[in-house]
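Student: got a predicted structure here, sequence first:
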Amino acid sequence: MLANLCVESYLRDLIENGFEVIVVSDAVGAPNRPELGDDLAATTTNFGFIANDVITTAEAVRRLPE
């Protein structure tokens with residue numbers, strides 16, 4: 001199972017169960033397989049259709065309470 005597939009699977013399950021979900025896009029890895037194209041770019045695009053928000057680690061840290 002690839003990290004990006006696992007994250008999307010959990011993301012869908014959490015959304016279906018009423019959670020608001022934010023994905024930290026640069027904290028998700030995917031294999032570098034040129035024959036498949038840019039797997040991670042496609043995955044983060046999909047996250048944008050499912051998640052409540054897709055942000056970077058820097059943005060996640062910025063949003064943490066003091």
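Tutor: Done, it's in. Residues are numbered from 1 along each chain as shown.
Student: just checking, next helix/strand downstream of the helix-or-strand element of the chain with minimal mean pLDDT?
Tutor: Ranked by mean pLDDT, DSSP states H and E, the helix or strand of the chain with the weakest confidence is helix 39-50, at a mean of 79. The helix or strand immediately downstream of helix 39-50 is strand 53-55, counting by DSSP states H and E.
Student: chain center to the longest helix along the chain, what's the gap?
Tutor: Secondary structure of the chain per DSSP state H: the longest helix is helix 3-16. Remark: helix 3-16 is offset 8 Å from the chain centroid, using C-alpha atoms, centre = their mean, to the nearest Å.
Student: report the angle between the least confident helix or strand of the chain and helix 3-16.
Tutor: Between the axis of helix 39-50 and that of helix 3-16 there is an angle of 0 degrees, by axes from the mean of the first three to the mean of the last three C-alpha atoms, to 10 degrees.
Student: for helix 39-50, packing partners?
Tutor: Judged by 3 or more C-beta pairs under 8 Å, 6 or more residues apart in numbering; DSSP states H and E, helix 39-50 is in contact with helix 3-16, strand 53-55. C-beta: built from backbone N, CA, C; applies to glycine.
Student: dump the C-alpha coordinates for that helix into PDB.
Tutor: This file holds the C-alpha atoms of helix 39-50, laid out as PDB (Å, rounded to 0.1, in the frame of the first residue of the first chain):
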ATOM      1  CA  ASP A  39       2.000  10.400  -8.600                       C
ATOM      2  CA  LEU A  40       2.100  12.900  -5.700                       C
ATOM      3  CA  ALA A  41       0.800  15.900  -7.800                       C
ATOM      4  CA  ALA A  42      -2.200  13.800  -8.900                       C
ATOM      5  CA  THR A  43      -2.800  12.700  -5.400                       C
ATOM      6  CA  THR A  44      -2.800  16.200  -3.900                       C
ATOM      7  CA  THR A  45      -5.200  17.300  -6.600                       C
ATOM      8  CA  ASN A  46      -7.500  14.500  -5.500                       C
ATOM      9  CA  PHE A  47      -7.100  15.500  -1.900                       C
ATOM     10  CA  GLY A  48      -8.400  19.000  -2.900                       C
ATOM     11  CA  PHE A  49     -11.700  17.400  -4.100                       C
ATOM     12  CA  ILE A  50     -12.200  15.400  -0.900                       C
END
